[in-house]
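> Got a sequence here, can you build the structure:
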Amino acid sequence: MSDKERIKSLIKEAEIYRKQGLLEESKEKYEEILKFIQNHERYSKDKKLIDTVKSKIRTVEGTLDEIDQVTETPELSQEVQDLISRLFTFSKDKDMAAIEGAVALAKFGQYEKALVEFQRLIEEGKMPLLLAKNILMCHIALSSQDAAIAQFKQWVSRDAFSRRELKYIRIFLENALVKQGIKADLPQVEEAPAEEGKPEEKEEDIIDISSVRVQLVNGPRKGEMVEFEITFQLGNKISTIIPAQQKDLADAFEPGLRLSGMQCLSPLAIFNSRGIVSGLKIITSGPRRGDYALDITIDGV
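Now for the predicted structure:
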């Protein structure tokens, strides 16, 4: 390969990185090109080529600066957190509206605030299984797997739930930790026999969706099947995270986009479904800031 061909190859590689959203890698590649040119006997005198590469570096740095301005946003003020809760609360039912508001905070990366709300609601006895799952997912989203395990152990020791509910929560947490590559020693929960003549409490009618496979209908990867792990679920509304480095994947989704080729995976079954993109936003704070939060509403099977 000639030096000219090598430069062209490096520039092409840098551009691929940039288009894929791998900005740091793109910048490093352009800097490698610039160093190679400046140390080259012939190309070190090519001012136009040097200026072009420097311009590319400035462009990438500018994009990185824009992202930094977004992703380095401090924790949101109480007023903004309250606004998020109100804007993303749709249910007329007071209890469900409160849960929707807490889930919205979690989606925006406000996990600590969401945890406070979830804990408050669970103490009031509101939809305990739904709240318990979201509490555990907040801990995991904060990379506090130990806190999630400690929380479950506390629930077991205090008999905060029925044995049946604790068994259900244990399975949910165990599956979530396995996806993180963690094998935890969780307390065993034996389901107590139902008392004679006492009707069993009806569990919330929610199908846990652990992951979803979506066929892309837009972008350069059109037709490809991609799989997302579910971070939060509220009824038929599911949320997942797309890393900032996969901007090309995030660009394949836009609110209102109809998704007909979907597969939902639950601990019990795999089923085909349909859905619609109900939200796509950049997480502006917390450990996942800069990543994309994708919301999908499942509206048919």
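
> Can you give me the buried ones in the lengthiest strand in the chain?
Counting by DSSP state E, the longest strand found in the chain is strand 270-282. For strand 270-282, a neighbour-count test (16 or more other CB atoms under 10 Å) marks 273, 275-280, 282 as buried. Every residue, glycine included, has its C-beta placed from N, CA and C.

> in the stretch 151-300 of the chain, which spans are strands?
211-215, 225-234, 237-242, 258-265, 270-282, 292-300 (DSSP state E, counting those that start in this stretch).

> now these in JSON lines, with distance to Lys167 and mean pLDDT?
JSON lines is the format used below for the strands of the stretch 151-300 of the chain (distance: least, CB to CB, whole Å; pLDDT from 0 to 100):
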{"stretch": "strand 211-215", "distance to Lys167": "22", "mean pLDDT": "86"}
{"stretch": "strand 225-234", "distance to Lys167": "19", "mean pLDDT": "83"}
{"stretch": "strand 237-242", "distance to Lys167": "23", "mean pLDDT": "86"}
{"stretch": "strand 258-265", "distance to Lys167": "21", "mean pLDDT": "83"}
{"stretch": "strand 270-282", "distance to Lys167": "23", "mean pLDDT": "84"}
{"stretch": "strand 292-300", "distance to Lys167": "26", "mean pLDDT": "85"}
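
> Nearest to Gly109, out of these?
In terms of CB to CB, the element of the strands of the stretch 151-300 of the chain nearest to Gly109 is strand 292-300, at 8.2 Å.

> quick one on the thing from earlier: want to try CSV for the strands of the stretch 151-300 of the chain, with distance to Ala184 as columns?
CSV is the format used below for those (distance: least, CB to CB, whole Å):
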stretch, distance to Ala184
strand 211-215, 20
strand 225-234, 18
strand 237-242, 22
strand 258-265, 21
strand 270-282, 25
strand 292-300, 26
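
> Distance from stretch 23-33 to the middle of the chain?
27 Å (CA atoms, centre = their mean, to the nearest Å).

> quick one: contacts of that stretch?
For stretch 23-33, contacts defined as CB atoms under 8 Å, 6 or more residues apart in numbering pick out 7, 10-11, 13-15, 17-18, 53, 56-57, 60-61, 63-64, 67.

> Go through the strands of the stretch 151-300 of the chain and name the closest to Leu173.
Closest of these to Leu173 is strand 225-234, at 14.3 Å (criterion: CB to CB).

> partners of the closest one in the sheet?
Strand pairing for strand 225-234, determined by DSSP bridges: strand 211-215 (antiparallel), strand 237-242 (antiparallel).

> if I look at Asp185, how far off is Lys153?
Distance from Asp185 to Lys153, counting by CB to CB, to the nearest Å: 10 Å.

> The two - which one has more neighbours?
Taking other CB atoms under 10 Å, Asp185 and Lys153 do not tie; Lys153 has more neighbours (13 against 7).

> per-residue pLDDT, that one?
Listed pLDDT for Lys153 reads 90.

> Thought Pro187 was touching it, still the case?
Yes. Contact criterion CB atoms under 8 Å: Lys153 and Pro187 qualify, at 6.0 Å.

> on that earlier part again, narrow the contacts of stretch 23-33 to just the buried residues.
Those of the contacts of stretch 23-33 that meet the buried threshold are 7, 10-11, 13-14, 17-18, 53, 56-57, 60, 67, by 16+ other CB under 10 Å.

> from the residues you listed, which single one is nearest Arg170?
Among those, and counting by CB to CB, the member closest to Arg170 is Ile67, at 39.3 Å.

> For the closest one, give me the pLDDT.
pLDDT at Ile67 comes out at 58.

> What about the residue nearest to Gly219 when sequence neighbours are not counted? Give its phi and psi, please.
Distances taken as CB to CB, 6 or more residues apart in numbering place Ala252 nearest to Gly219, at 3.8 Å, with adjacent residues excluded. As for Ala252, its main-chain torsions (degrees, to the nearest 10) stand at phi -80, psi -10.

> Ala252: what's it in contact with?
Ala252 neighbours (CB under 8 Å, 6+ apart): 216-219, 221-222.

> go with 7 Å
216, 218-219, 221 (CB atoms under 7 Å, 6 or more residues apart in numbering).

> what do you get for Pro128?
Here Pro128 is in contact with 122, 161, 165 (criterion: CB under 7 Å, 6+ apart).

> From Leu216, how far off is Pro255?
Using CB to CB, Pro255 is found at 16 Å from Leu216.

> do the same with Gly109
Relative to Leu216, and taking CB to CB, Gly109 is found at 25 Å.

> Neighbour count for the two, which is higher?
Taking neighbours as other CB under 10 Å, Gly109 and Leu216 compare with Gly109 leading, 27 against 17.

> and the most centrally placed residue in the chain, what is it in contact with?
Nearest to the mean C-alpha position of the chain, by CA atoms, centre = their mean, lies Ile241 at 2.0 Å. Contacts for Ile241 (CB under 7 Å, 6+ apart) come out as 231, 288, 291-293.
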